[in-house]
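> sequence and predicted structure are below.
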Amino acid sequence: MDMAAATDRSLLALDWRADFPAIPDGWAYLDSAATAQKPKAVIDAITRGYAETYATVHRGVYQRSAEMTVAFEASRGRVARFIGAGSPEEIVFVRGATEGINLVAQSWGRDNLRPGDRVLLSTLEHHSNIVPWQLAGAEIDVVPLTEDHRIDLDAMAAMIRPEHKLIALAHVSNVLGSVLDARGAADIAHSVGAKLLLDGCQAVPRMPVDVGALDCDFYVFSGHKLYGPTGIGVLWARAGILEAMPPWQGGGAMIDKVTFEQTTFAAPPARFEAGTPHVVGVIGLHAAIDYVEEIGLPAIAAHEAALVRATRDSLSSLNSVRLFGPDDSAGIVSFAVEGVHPHDVGTILDESKVAIRAGHHCAQPLMAALGVDATARASFGVYNGRQDIDALVRGIERVTRIFG
Ligand SMILES: Cc1ncc(COP(=O)(O)O)c(C=O)c1O
């Protein structure tokens, strides 16, 4: 027997759907790149956080608050281990990747981007890794893509100049699923003394991430794409970088001493966590990391790779379908059906209980580079299996029948 095919089949049969109460039988949820469904373990942790153990953190003198503080800080340690951070103090809790990038742009950018300095992005970036740099007043250069829709590191190496103070790139594209050679990008950045920021939103749910091995300087991700709650995310930065960064939002929890004349600030990470944090979100994120690590990120990566292969194989056999992105995309397949707007594809698929995303995916410059307004996108999670791909393919066959 062909071993690769056998492995594929066993992986396609492996799914964790029963852990997800919000996915009814017969519904193909193929929009995990937008947000992942929540396993019962995460829902239970959130419920316990509000129903049994709830209190504020860091300020209470009573026991419940002290215990919640311990749980909150344990989550910070869990995140640090999850991504290979040097210490829990390198983990800043934010609302999501968007806020993490804005924090770096407003705080690090304010201190480090002088007139004439430049930031290097790529064609495939999410708006949340474009607009914050524009708001920070940075001059932006854009690395093109290769023919198979990866960030072109050869082009990047040719473009990089000492004026580039930062390179900011998606670790995995939310539209194309292209996986960045992050270590290669770090080497290029560091060759001119620039920092590398990786937007890990689409990477952490689907592959092992070790920020030390990647040799990046900043890493951001959102909890809700990692099977955790919305409203919680992570910014990691090297300790020395965080220590040198000024605060970006002022308020409670981020100070050392306040007078009307002068305020001194807390050390990181508290310096960047003004206000009452999303206590239960942090607890839920801990549960989400426990959940994915129990399955194992290598197993999740292999599972999604098999789903992507099967999807690309099936869709490429349909004459009407054009596929985007590289063959080995991570958990995400964008496509177009000839002569049918992606919104119509999405609407007709919904009638067959197949949920995909259709639109520009917050990547309008990428759409322009691909020469389209929008794409249809199927993206996978641990709960998907062969049956979801079959439903997608049957749904697209129906689309082509309807549109002749
Ligand atoms: C690659 C990428 N970066 C950033 C974001 C923004 O994430 P959030 O809206 O959770 O802040 C997303 C979400 O779609 C994404 O896919």
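Cool, got the structure.
> going by C-alpha atoms from here, please, whenever you check contacts or count neighbours.
Will do.
> give the residue farthest from the middle of the protein.
Taking C-alpha atoms, centre = their mean, the residue of the chain most remote from its mean C-alpha position is Glu261, at 40.9 Å.
> so what's the residue positioned nearest the centre of the chain up against?
Geometric centre of the chain, nearest residue: Cys201, 0.7 Å, by C-alpha atoms, centre = their mean. Contacts for Cys201 (C-alpha atoms under 8 Å, 6 or more residues apart in numbering) come out as 97, 170-172, 220-222, 225.
> separation between it and Arg398?
Remark: distance between Cys201 and Arg398 (C-alpha to C-alpha, to the nearest Å) = 33 Å.
> over to Ile396. Which of the three states is it?
Per DSSP: H, G, I helix; E, B strand; the rest coil, the local secondary structure of Ile396 is helix.
> show the pLDDT at it.
Ile396 is assigned 97 on the pLDDT scale.
> likewise for Asp2?
Taking Asp2 on its own, its pLDDT is 43.
> show me where the stretch 201-350 of the chain has its strands.
Along the stretch 201-350 of the chain, counting by DSSP state E, counting those that start in this stretch, strands occupy 218-222, 233-237, 255-258, 263-265, 321-323, 332-337.
> okay if I get those as CSV plus mean pLDDT and distance to Ser352?
Formatted as CSV, these follow (pLDDT from 0 to 100; distance: least, C-alpha to C-alpha, whole Å):
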stretch, mean pLDDT, distance to Ser352
strand 218-222, 98, 30
strand 233-237, 98, 33
strand 255-258, 96, 54
strand 263-265, 97, 55
strand 321-323, 96, 18
strand 332-337, 97, 17
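> count of neighbours near the closest residue to Asp350 other than its chain neighbours?
Nearest non-adjacent residue to Asp350, counting by C-alpha to C-alpha, 6 or more residues apart in numbering: Ile356, 7.8 Å away. Using other C-alpha atoms under 10 Å, Ile356 has 26 other residues around it.
> over to Gly26?
For Gly26, the neighbour count with other C-alpha under 10 Å is 12.
> state the distance from the closest residue to Thr311 other than its chain neighbours to the ligand.
The shortest distance from Thr311 to any non-neighbouring residue, by C-alpha to C-alpha, 6+ apart, is to Ile389 (6.1 Å). Using C-alpha to the nearest ligand atom, to the nearest Å, Ile389 is found at 21 Å from the ligand.
> for Ile389, phi and psi?
Here is the backbone geometry of Ile389 (degrees, to the nearest 10): phi -70, psi -40.
> tell me where the stretch 101-250 of the chain has helices.
Secondary structure of the stretch 101-250 of the chain (DSSP state H, counting those that start in this stretch): helices at 109-112, 131-135, 153-159, 182-191, 211-214, 239-244.
> I'd like those as CSV, with distance to the ligand, mean neighbour count and mean pLDDT appended.
Converted to CSV, these look like this (distance: least, C-alpha to the nearest ligand atom, whole Å; neighbours: other C-alpha atoms under 10 Å; pLDDT from 0 to 100):
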stretch, distance to the ligand, mean neighbour count, mean pLDDT
helix 109-112, 18, 16, 95
helix 131-135, 11, 16, 97
helix 153-159, 18, 16, 98
helix 182-191, 14, 20, 98
helix 211-214, 17, 17, 98
helix 239-244, 20, 16, 98
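> so which of those gets nearest Val340?
helix 131-135 (30.3 Å; C-alpha to C-alpha).
> mind saving the C-alpha coords of that closest one as CSV?
Taking Å, rounded to 0.1, in the frame of the first residue of the first chain, the C-alpha atoms of helix 131-135 are listed here in CSV:
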residue,chain,number,x,y,z
VAL,A,131,-2.4,50.2,9.1
PRO,A,132,-0.6,50.5,12.5
TRP,A,133,2.7,51.3,10.7
GLN,A,134,0.9,53.9,8.6
LEU,A,135,-0.6,55.4,11.8
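> give me the residues contacting it.
Taking contacts as C-alpha under 8 Å, 6+ apart, the residues outside helix 131-135 that touch it are 101-102, 105-106, 119, 140.
> just among those, which is most surrounded?
Neighbour tally across the contacts of helix 131-135 (other C-alpha under 10 Å): the maximum, 28 neighbours, falls on Ile101.
> partners of Gln378 in the sheet?
If you look again at residue 378, you'll see it is Ala, not Gln. Here Ala378 sits in beta bridges with Val333, as judged by DSSP bridges.
> now for it: which residues touch it?
Listed by C-alpha under 8 Å, 6+ apart, the contact partners of Ala378 are 30-31, 332-334, 356-357.
> can those go into a markdown table with extra columns for distance to the ligand?
Formatted as a markdown table, the contacts of Ala378 follow (distance: C-alpha to the nearest ligand atom, whole Å):
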| residue | distance to the ligand |
| --- | --- |
| Leu30 | 14 |
| Asp31 | 10 |
| Ile332 | 11 |
| Val333 | 13 |
| Ser334 | 13 |
| Ile356 | 14 |
| Arg357 | 11 |
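> closest one of those residues to Phe82?
Closest approach between these and Phe82, by C-alpha to C-alpha: Ile332, at 22.5 Å.
> which helix or which strand is home to Ala376?
strand 375-379 (DSSP states H and E).
> test my guess that Thr400 contacts Val321.
No. Applying C-alpha atoms under 8 Å, one finds Thr400 not in contact with Val321, separated by 9.4 Å.
> joint contacts of those two?
What both Thr400 and Val321 touch, as defined by C-alpha under 8 Å, 6+ apart, is the set Val337.
> take the strands of the stretch 201-350 of the chain and write them to CSV, including mean neighbour count.
Formatted as CSV, the entries for the strands of the stretch 201-350 of the chain read as follows, by neighbours: other C-alpha atoms under 10 Å:
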stretch, mean neighbour count
strand 218-222, 28
strand 233-237, 28
strand 255-258, 13
strand 263-265, 13
strand 321-323, 16
strand 332-337, 25
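> using a markdown table, lay out those strands together with distance to Tyr54.
Output for the strands of the stretch 201-350 of the chain, formatted as a markdown table (distance: least, C-alpha to C-alpha, whole Å):
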| stretch | distance to Tyr54 |
| --- | --- |
| strand 218-222 | 23 |
| strand 233-237 | 20 |
| strand 255-258 | 24 |
| strand 263-265 | 28 |
| strand 321-323 | 47 |
| strand 332-337 | 37 |
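> kind regards, and thank you for your time.
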